[in-house]
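Asker: got a predicted structure here, sequence first:
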Amino acid sequence: MRLLNVDTIDEARGKLLENAAGKIPGVEYIDFSKGRNRVLAEDITAAENVPGFNKSTVDGYAVRAKDTQGVSESIPVFLDVVGEVSMGEAAAKIIFPGQACYVPTGGMLPEGADSVVMIEHTEKFDENSIAVYDSVSVGRNVISAGEDIGMGTVFLRKGTLMRPQDTGVLASAGVSQIPVFKPWKVTVISTGDELAGADGAIKPGQTRDINTHSLSAAAEKNGFVVAEKLVLKDDRDAIKNAISKTMDVSDVVIVSGGSSQGDKDYTADIMDELSDVGVFTHGIAVKPGKPTILAYDGKSGTILAGLPGHPVAALLIFELFIAWLYRQLTCQKEPKKTIARITENVPSAGGKATCMPLELKEGSDGVYDAIPVLGKSGLMTVLTRADGYTLTDTNSEGLKQGEFVEVTLF
Ligand SMILES: Nc1nc2c(c(=O)[nH]1)N[C@H]1C(S)=C(S)[C@@H](COP(=O)(O)OP(=O)(O)OC[C@H]3O[C@@H](n4cnc5c(N)ncnc54)[C@H](O)[C@@H]3O)O[C@H]1N2
Ligand code: MOO
């Protein structure tokens, strides 16, 4: 009997991290506006205050708050209007007690003013004065200089996966070039005599190639660059040649199919032959994905991953190991999780962690119900129906109806 000597998920991750510790991606500087989905390689410190001046958040009159103490709709205070601030220009006047200055929303507060009364709470009294019918406190209707970001403070951390709001905050602070981790170059090789393309009719016994496309899409989703996509027959030499060639131009070479124990399952042997560290994991205690192969070649600095041919397993294992490793090496946070209530019992896979796809529906009490999407790992719709997955412990007895679990969203 040839049984795989399986690692737990944590053991396999530990070995991956240890062997690929040198794979921390290099750093490149790019225009901040092109940063979406890239990962910051350094903390970003503000070289200027944001905003750079005390800024009104309303159209109104800049005043000294003290002057409006005790004021109400029936007891106004009369202030002299000494001028008007223009948008985009420095406020020239100084506001002394008893004075006010018109300021538009976004305009700069004149020196001496510490608050703004909204225009609708004032009335023109004569050419040069207003009646104020509202009492304001210091800072009212004002964003203070540096309130958003103080000069010299770190406002984005290394490891941030850039979202639109991060692009916005960089713009606000005048940071035009940002250091980001270089994306890994990933080659995706699908193997199998049965594989056919997406176009045209297929013959009985053929299967349309899914993994080349889904794994390339997963690579791109994680910010990687797909170096090559190849679809090969179960031909040992052809597979070996392809892996050997693409190792020179890739950080990761993924081979889907041929990971198991069949007569034509060459992937593990080939990866072992081509890498100096060799295969350090063949078999992981996870369902789906048990036959996964992990190897490392220190000479070329290539991670070799043999993913199971079953498309659901291939995609989940990519996320659990390859995307996870990149996140670890680039100091990223793990994807957000939500809590949801399992709607039915799901038995455990016996000594294996289960990566269970789940569909989320909002329950009557506002808490998410998590409906297990049951189905074999050869059925791609299992993942299209799912909103995320939960990962059970290796020794778990399974999921119990009504139990709350953490769901990682896709
Ligand atoms: N005797 C055993 N057989 C199998 C075991 C086992 O432990 N003992 N494990 C099963 C599990 S679990 C998995 S997962 C698969 C892994 O198989 P391979 O990685 O060797 O992949 P193949 O045999 O080549 O293919 C499996 C299945 O997936 C389809 N496939 C493969 N590549 C693609 C692709 N690019 N796009 C779409 N579908 C693909 C292929 O046609 C097969 O149906 O082994 C089990 N067997
Ligand atoms: O790994 Mo297999 O994916 O359990 O189907």
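Answerer: Ah, there it is. Ligands and ions are numbered 1, 2, ... in the order given.
Asker: which residue ranges of the stretch 301-410 of the chain form strands?
Answerer: 302-307, 337-342, 346-347, 353-362, 368-372, 388-391, 398-399, 404-409 (DSSP state E, counting those that start in this stretch).
Asker: just those: most buried one?
Answerer: strand 302-307 (a mean of 28; mean count of other C-beta atoms under 10 Å). (Each C-beta comes from the backbone N, C-alpha and C, glycine too.)
Asker: off-centre distance for that one?
Answerer: Computed by C-alpha atoms, centre = their mean, to the nearest Å, the separation of strand 302-307 from the middle of its chain amounts to 23 Å.
Asker: and the stretch 201-350 of the chain, which residues reach ligand 2?
Answerer: Contact residues of the stretch 201-350 of the chain with respect to ligand 2, defined by C-beta under 6 Å from any ligand atom, are listed as Lys287, Pro288, Gly289, Lys290, Pro291, Pro308, His310, Ala313.
Asker: counting neighbours, what do you get for the second one?
Answerer: I take that to be Pro288. 24 (other C-beta atoms under 10 Å).
Asker: who touches it in this structure?
Answerer: Residues counted as contacts of Pro288 (C-beta atoms under 8 Å, 6 or more residues apart in numbering) are Pro308, His310, Val312, Ala313, Leu316, Ile317, Cys355, Ser377.
Asker: hmm, the first one is touching Lys287, no?
Answerer: Okay, so that is Pro308. No - if you go by C-beta atoms under 8 Å, Pro308 and Lys287 don't touch, sitting 10.6 Å apart.
Asker: who's more crowded, those two?
Answerer: Set side by side, Pro308 and Lys287 show more neighbours around Pro308, with 25 against 19, by other C-beta under 10 Å.
Asker: can you give me the pLDDT of the more buried one?
Answerer: In the prediction, the pLDDT value recorded for Pro308 is 96.
Asker: ok, it - contacts?
Answerer: For Pro308, the contacting residues are Ser256, Gly257, Ser259, Ser260, Pro288, Gly289, Lys290, Pro291, Thr292, Ala314, Ile317, Ser377, taking C-beta under 8 Å, 6+ apart as the criterion.
Asker: and for the first one, the neighbour number?
Answerer: Other residues lying near Ser256 total 31 when counted by other C-beta under 10 Å.
Asker: so for it, what's the nearest residue that isn't a sequence neighbour?
Answerer: In space, Ser256 comes closest to Asn211 once its chain neighbours are excluded; the distance is 4.0 Å by C-beta to C-beta, 6 or more residues apart in numbering.
Asker: now for whichever residue of the stretch 301-410 of the chain sits closest to ligand 2: which residues touch it?
Answerer: When distances are taken as C-beta to the nearest ligand atom, the stretch 301-410 of the chain reaches nearest to ligand 2 at Ala313, 2.8 Å away. Applying C-beta under 8 Å, 6+ apart, we find Ala313 in contact with Pro288, Gly289, Thr292, Leu307, Ser377.
Asker: circling back: which ones among the contacts of Pro288 also lie next to ligand 1?
Answerer: Of the residues in the contacts of Pro288, proximity to ligand 1 by C-beta under 6 Å from any ligand atom holds for Pro308, His310, Ala313, Ser377.
Asker: what is the three-state secondary structure of the closest residue to Phe125 other than its chain neighbours?
Answerer: In space, and not counting its chain neighbours, Phe125 is closest to Ala131: 4.9 Å by C-beta to C-beta, 6+ apart. Three-state assignment for Ala131 (DSSP: H, G, I helix; E, B strand; the rest coil): strand.
Asker: distance check, the residue in the chain that ligand 1 sits nearest to against Ser115.
Answerer: Nearest residue of the chain to ligand 1: Gly309, at 2.5 Å (C-beta to the nearest ligand atom). When distances are taken as C-beta to C-beta, to the nearest Å, Gly309 and Ser115 turn out to be 68 Å apart.
Asker: can you tell me which of the contacts of Pro288 is closest to Asp237?
Answerer: Distance from Asp237 was checked for each of those by C-beta to C-beta. The minimum falls on Pro308, at 22.6 Å.
Asker: returning to that earlier point: among the contacts of Pro308, the buried ones, what's the ChimeraX command?
Answerer: Applying 16 or more other C-beta atoms under 10 Å to these leaves a buried subset, and the ChimeraX line that selects it is:
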select :256,257,259,260,288,289,290,291,292,314,317,377
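Asker: what parts of the stretch 101-250 of the chain come near ligand 1?
Answerer: By the criterion of C-beta under 6 Å from any ligand atom, the positions of the stretch 101-250 of the chain lying close to ligand 1 are Ser190, Gly192, Glu194, Leu195, Thr207, Asp209, Ile210, Asn211, Thr212.
Asker: so what's the residue nearest to Phe125 up against?
Answerer: If a contact means C-beta under 8 Å, 6+ apart, then Ala131 has Pro76, Val77, Phe78, Thr122, Glu123, Phe125 as its contacts.
Asker: burial of the residue of the chain closest to ligand 1, as a residue count?
Answerer: 26.
Asker: in space, what's closest to it - neighbours in sequence excluded?
Answerer: Counting by C-beta to C-beta, 6+ apart, Gly257 is the residue found nearest to Gly309 once chain neighbours are left out, at 3.7 Å.
Asker: could you list the domains of the chain?
Answerer: Under automatic domain parsing, the residue ranges defining each domain of the chain are 9-25+183-329, 29-50+160-181, 55-143, 337-409.
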